[in-house]
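Colleague: Quick one, fold the following:
(chains A, B and C)
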Amino acid sequence: MRQAWEQLRALIWKDLALELRTKDMLSAMLIFSFLVMVVFAFALRPEAATTRAVFPGILWVDFSFAGLLGLNRAFAHERANDCLTGLLLAPLDPVLIYAAKVISNFLFLALVEAISLPLFFAFFNYPWSGAAAALLAILFLGTLGFAAVGTFLAALAANTRTGEVLLPLILFPVLVPVLLAAVQGTALALAGQTGPALAAWLRLLAVYDIIFCVLAALLFPYLLEP
Amino acid sequence: MSAGKVHAGRRLSGWVAAVLMLVALYAIFFYAPLEQTMREVQKIFYIHVGTAWNAFLAFFIVFLASLLYLRKREERWDDLAAVSAEIGVLFTTMVLLTGPIWAKSAWNTWWTWEPRLTTTLVLWFIYLAYLLVRAGVVEETRRATIAAAFGIIGFADVPVVYLSVRWWRLSHPIIFGGGGGGLHPAMLVALIISVFAFTALYLYLLQMGLTVRQLERRVRHLKEGWRERYE
Amino acid sequence: MVLREVSLAIPAGHFLALLGPNGAGKTTLLRILALLIPPTSGEVRLGGRPAAEAGLSLRRQIGVVSHNTLLYGHLTAAENLLFYARLYGVTERQQRVREVMEEVGLAYAWHEQVRTFSRGMQQRLAIARALLARPRILFLDEPYTGLDPQALEVLQAVLARLKQEGCTILLITHNLEQGLDLADEIAVLVRGSLVYHGPRAAVNSHSLADFFRGQAGGNA
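Modeller: Presented below is the predicted three-dimensional model:
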């Protein structure tokens, strides 16, 4: 058990260290997030009340696209030099590889969100009057769901000829509950309405996260078979 | 199973499906009464429900077959999943086509984000994703495993989607509610017969599809055997 | 079906050279023995224990040198080895990493990123990686390809030392000169079948070369 924890930490360290060295994923995700934000600003009138109403939706579309970009690169380092084989040879439960990837993808996406969110508020002149804790909770659970399912399906798509093109097609249908709950929850949080409705969405996200984390962890070893 | 028995079994299920379909058509158009406001157009409701039930049944079969394949690694479970998915996507498409026809006539709107219809739409996308995954895996040895993994994840998503759309709809209620309510007994009979008829059709198509896949596999094995012997 | 009814037993501490034309299934056999893929039928036993029951601990005793380096290009040599040391549960990591890097002659490149290494240096580091956990069994898949003379020397020295210490070694090679020197036994795999398995002394490297040329001609 202690050994597994140490191995998990080693795997996470490896992902973070590689990202810090290359900055492949993070820079692409940040720039793309910013770009999508600007495109939305061009498409809609930022000051209009209608835009304010769809603001939560814009946020999550932006995060989803940036996240997708990151996921496509998720296993890139493992493919070079056949490093995945190196991991599979080790006395290592394959589920730890999945868990470590989910955690590192979660951290990258969370970082992108943390930087993008203030920019969104600025560029759309969105008045802040909401509940910070509730918003953070929604962001946390939503991003976790995205990372858990996204990492699994990215590994799955890596086995196909069309790989990166396939990932959005298989990911978004499965993410529908996350997107729904995250957008609705964000809307409520931003309006400061932290009542039972918000709690219901948080519960849905939590249930989704638990179900799919467990399911993905159980199924992940099947994706690694040669 | 001897070739004779299989052939006879297929013929039987073909006849059963054909007969049930005819009975259903009779029940829909002659037995069930005309609905008050919508009159003839309402009858598409029977097709809508009949295909909807099978669309979800087919994906449940994909889910079960995927589980069984991962457990037992027998090719026939992979065949079942593949064929059921192909038929299922057809049925789902029919649900999505008949739905708007009903909706336009009943509520004067082409689409409604009602939970069941919306879940069917997401199911349609999951089916397509499943078929794309099957088409995308190049190595035959891995295709069944990868597809099975996605089949399980995809199916687990369906109930969660339904719940989330329902909650979403509760917070933004639409003026027009779904169907249901009191059905005339004759309509109920017609509905049940329709569901059985479409299920029989599903089973018949399933059998045909499985036979095709088995034949394809036999041909492949024969080719491989010859190739090895003469090289 | 890549392999057909292969039955292979290597006594502990022996050095087996596995030869055969391309596509014979040598790499597949190695991957099965290294517990990367399960066999479709039959079983693998390492140290007398069935691999399927032994669980993860058995992997700690296996070292693999492949023609891919299994190293992360953007990490330094030390970072790579320390990472793998953590995965393998090596005690006193820093010291052990220093030891293996010195053995392969790369101690000076401690802080260099692996992508700046030459092919020979990378292969030497890959060997060091395989040695980290002091494996009892070592698998090598065509390790001689693309090696410079210095790396070659290191590899031969490492193999000689391991053999002396009683490590069981399986070497896949095309290189008939180098590969056979240290071998105790030779096995030949052709089209998935084991066509020969016998002591090294009974085989002449010239006859082997002729045999392979014949095979290659037949496979046109």
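Colleague: remind me which residues of chain C are low pLDDT?
Modeller: Scanning chain C for pLDDT under 70 picks out C:1, C:205-206, C:208-220.
Colleague: scratch that, chain A is what I was asking about
Modeller: Across chain A, residues meeting the criterion (pLDDT under 70) sit at A:226.
Colleague: one more time with 90, if that's ok
Modeller: Within chain A, the segments meeting pLDDT under 90 span A:1-3, A:22-25, A:42, A:44-53, A:72-82, A:123-133, A:158-164, A:190-197, A:224-226.
Colleague: Can you get me a residue count around the residue of chain A found nearest chain B?
Modeller: Across chain A, the shortest distance to chain B (Cβ to the nearest Cβ) belongs to residue A:160, at 3.1 Å. For glycine as for every other residue, the C-beta is placed from the backbone atoms N, C-alpha and C. For residue A:160, the neighbour count with other Cβ atoms under 10 Å in any protein chain shown is 22.
Colleague: Please name the nearest non-neighbouring residue to it.
Modeller: Distance criterion Cβ to Cβ, 6 or more residues apart in numbering or on different chains; nearest residue to residue A:160, sequence neighbours excluded, is residue B:136 at 3.1 Å.
Colleague: measure the one you found to chain C for me?
Modeller: Residue B:136 sits at a distance of 22 Å from chain C (criterion: Cβ to the nearest Cβ, to the nearest Å).
Colleague: Then residue B:170?
Modeller: Distance from residue B:170 to chain C, by Cβ to the nearest Cβ: 48 Å.
Colleague: Quick check: phi and psi on residue 43?
Modeller: You didn't pick a chain, so chain A it is. Dihedral pair for residue A:43: phi -70, psi -30, per degrees, to the nearest 10.
Colleague: that answer is for a different chain, and I need it for chain C
Modeller: Per-residue torsions, residue C:43: phi -140, psi 160 (degrees, to the nearest 10).
Colleague: Pull out the buried residues from the helix or strand where residue B:103 lies.
Modeller: Here residue B:103, judged by DSSP states H and E, is contained in helix B:75-107. For helix B:75-107, a neighbour-count test (16 or more other Cβ atoms under 10 Å in any protein chain shown) marks B:77-96, B:98-99, B:102-103, B:106 as buried.
Colleague: Can you report how many residues lie near the closest residue to residue B:27 other than its chain neighbours?
Modeller: Counting by Cβ to Cβ, 6+ apart, residue B:27 lies nearest to residue B:190, which is 4.1 Å off, once chain neighbours are set aside. As a burial measure, residue B:190 scores 26 neighbours (other Cβ under 10 Å).
Colleague: what angle separates the host helix or strand of residue B:204 from helix B:75-107?
Modeller: Assigned by DSSP H and E, residue B:204 belongs to helix B:185-229. Between the axes of helix B:185-229 and helix B:75-107, defined by axes from the mean of the first three to the mean of the last three Cα atoms, to 10 degrees, the angle is 150 degrees.
Colleague: Could you give the average pLDDT over the helix holding residue B:103?
Modeller: Averaged over helix B:75-107, pLDDT sits at 92.
Colleague: helices or strands next to that helix in the packing?
Modeller: helix B:44-72, helix B:115-136, helix B:140-171, helix B:185-229 (3 or more Cβ pairs under 8 Å, 6 or more residues apart in numbering or on different chains; DSSP states H and E).
Colleague: As CSV, those helices with mean pLDDT would be great.
Modeller: Conversion of those to CSV gives the following (pLDDT from 0 to 100):
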stretch, mean pLDDT
helix B:44-72, 93
helix B:115-136, 94
helix B:140-171, 91
helix B:185-229, 89
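Colleague: for the ones you listed, which one sits closest to residue A:149?
Modeller: Each of the helices and strands packed on helix B:75-107 has some distance to residue A:149 by Cβ to Cβ; the shortest is helix B:140-171, at 7.6 Å.
Colleague: which parts of the closest one are buried?
Modeller: Neighbour-count burial for helix B:140-171 flags B:142-158, B:160-165, B:167-169 (criterion: 16+ other Cβ under 10 Å).
Colleague: now do stretch B:23-30
Modeller: Buried-residue list, stretch B:23-30, by 16+ other Cβ under 10 Å: B:23-25, B:27-28.
Colleague: do you know how far the residue nearest to residue B:27 is from residue B:103?
Modeller: Per Cβ to Cβ, to the nearest Å, residue B:190 is found 20 Å from residue B:103.
Colleague: What's the first helix or strand after the lengthiest helix in chain C?
Modeller: Criterion DSSP state H: the longest helix present in chain C is helix C:149-164. As assigned by DSSP H and E, the chain's next helix or strand after helix C:149-164 is strand C:168-172.
Colleague: tell me the phi and psi of the nearest residue to residue A:24 once chain neighbours are set aside?
Modeller: Distances taken as Cβ to Cβ, 6+ apart place residue A:73 nearest to residue A:24, at 5.8 Å, with adjacent residues excluded. Phi and psi for residue A:73, reported as degrees, to the nearest 10, are phi -90, psi 0.
Colleague: Residue A:73: what's it in contact with?
Modeller: Taking Cβ atoms under 8 Å, 6 or more residues apart in numbering or on different chains as the criterion, residue A:73 is in contact with A:24-25, A:28.
Colleague: Just the buried residues from these, in ChimeraX please.
Modeller: To isolate the buried members of these in ChimeraX, using 16+ other Cβ under 10 Å:
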select /A:25,28
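Colleague: center of chain C, which residue is that?
Modeller: With distances taken as Cα atoms, centre = their mean, residue C:140 lies nearest the centre of chain C, 1.3 Å away.
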